[in-house]
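[1] fold the stuff below for me.
(one chain, ligands or ions: 2)
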Amino acid sequence: MSRAARKIVVTGPFGAGKTTFATTLTQGLGGTLTTTETGVSDETAALKTSTTVALDHTSFVVPPAPASAWDATHVTLFGTPGQQRFSFTWELLARNMDGYLVLVDASRSASIAQAADVVAAFARIAPATPRLVAVSRWPDPAGTRTHLAQLLGTAPTALVACDPRDLAQSAAVLRLLLDGVHTLENRRTQVVTDGVNA
Ligand SMILES: Nc1nc2c(ncn2[C@@H]2O[C@H](COP(=O)(O)OP(=O)(O)O)[C@@H](O)[C@H]2O)c(=O)[nH]1
Ligand SMILES: [Mg+2]
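    Ligands and ions are numbered 1, 2, ... in the order given. Below is the predicted model of the structure:
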């Protein structure tokens, strides 16, 4: 019997592309998206006209890349609200997650600063959970990777360029995260097996 769906959380600041990411994958992989978008009422209105107030939720099956170590994987994806005043929901949405993505818009320093806060908050909530940082509007990954990682408080290798409007890029980032999720699961199984055999 196939395992239950993996729970993946997509977080990051307002306007980083979380709802876009969930929408792109839902449309591309054939899922059903539920979102709680509402009008923006504050100073962030200049950036875009709607925002997620509770969560984005979708589920779909991710086909593995050729020669992948894992089979087609059912994913339920939860997108968090981005605005700081809704941060109390993060802990709830993070419960029992198998992996998470922090999205950040590299073209706006405010987004980077807020993403650093999100990175720190989630590192505290889920220190051992596989994570990647998906960076949009990032013209020079080679030249700015180390600096951006420093600003975000992550290892440079945790950063992956991703335009969330693009299905191939979004699916590639999700597959990379699922590589980490499956590797960790296999390691845990190994430890249990070794323990039983010892
Ligand atoms: N040009 C460009 N636009 C992007 C890119 N990533 C995201 N966007 C746009 O930025 C906006 C992000 O909005 P949304 O997904 O609602 O952000 P959320 O608040 O994180 O859910 C959308 O209008 C996207 O089309 C990118 O890499 N390039
Ligand atoms: Mg949103």
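[2] which of the three states applies to the residue nearest in space to the middle of the chain?
    In the chain, the residue lying closest to the centroid (C-alpha atoms, centre = their mean) is Leu101, at 2.0 Å. Three-state assignment for Leu101 (DSSP: H, G, I helix; E, B strand; the rest coil): strand.
[3] wait, it touches Val9, no?
    Yes: in this structure, Leu101 is within contact of Val9 by C-beta atoms under 8 Å, at 7.4 Å. For glycine as for every other residue, the C-beta is placed from the backbone atoms N, C-alpha and C.
[4] all strands for the protein, in order.
    Taking DSSP state E as the criterion, the chain carries its strands at 6-11, 37-39, 50-52, 56-62, 73-79, 99-105, 131-136, 159-161.
[5] just give the nearest non-adjacent residue to Leu167, would you?
    Excluding the flanking residues, the one nearest Leu167 by C-beta to C-beta, 6 or more residues apart in numbering is Gly28, at 3.8 Å.
[6] what about that neighbour, how many residues close to it?
    14 (other C-beta atoms under 10 Å).
[7] longest helix anywhere in this protein?
    helix 167-197 (DSSP state H).
[8] and this protein, which residues reach ligand 1?
    For the chain, the contact set with ligand 1 under C-beta under 6 Å from any ligand atom comprises 12, 14-20, 48, 51-52, 82, 136-137, 163-165.
[9] mind giving me the ChimeraX command for buried ones among those residues?
    Selection of the buried residues among these in ChimeraX, burial being defined by 16 or more other C-beta atoms under 10 Å:
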select :12,14,15,16,17,18,19,20,51,52,82,136,163,164
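[10] let's see which of the residues of the chain next to ligand 1 end up in helices.
    Among the residues of the chain next to ligand 1, DSSP H puts 18-20 in helices.
[11] dump those residues into CSV; add pLDDT and distance to Ser68 as well.
    Supplementary listing: those in CSV, determined by pLDDT from 0 to 100; distance: C-beta to C-beta, whole Å:
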residue, pLDDT, distance to Ser68
Lys18, 94, 25
Thr19, 93, 27
Thr20, 95, 25
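[12] what ranges of this structure fall below the confidence cut-off?
    1-2, 37-54, 196-198 (pLDDT under 70).
[13] if we can go back for a sec, could I get the strands of the chain in a markdown table, plus columns for distance to ligand 2?
    Putting the strands of the chain into a markdown table (distance: least, C-beta to the ion, whole Å) gives the following:
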| stretch | distance to ligand 2 |
| --- | --- |
| strand 6-11 | 9 |
| strand 37-39 | 7 |
| strand 50-52 | 3 |
| strand 56-62 | 6 |
| strand 73-79 | 6 |
| strand 99-105 | 10 |
| strand 131-136 | 13 |
| strand 159-161 | 20 |
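[14] got JSON lines for those strands, with distance to Thr89 too?
    Output for those, formatted as JSON lines (distance: least, C-beta to C-beta, whole Å):
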{"stretch": "strand 6-11", "distance to Thr89": "10"}
{"stretch": "strand 37-39", "distance to Thr89": "14"}
{"stretch": "strand 50-52", "distance to Thr89": "10"}
{"stretch": "strand 56-62", "distance to Thr89": "12"}
{"stretch": "strand 73-79", "distance to Thr89": "10"}
{"stretch": "strand 99-105", "distance to Thr89": "14"}
{"stretch": "strand 131-136", "distance to Thr89": "18"}
{"stretch": "strand 159-161", "distance to Thr89": "25"}
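[15] cool, thanks, talk later.
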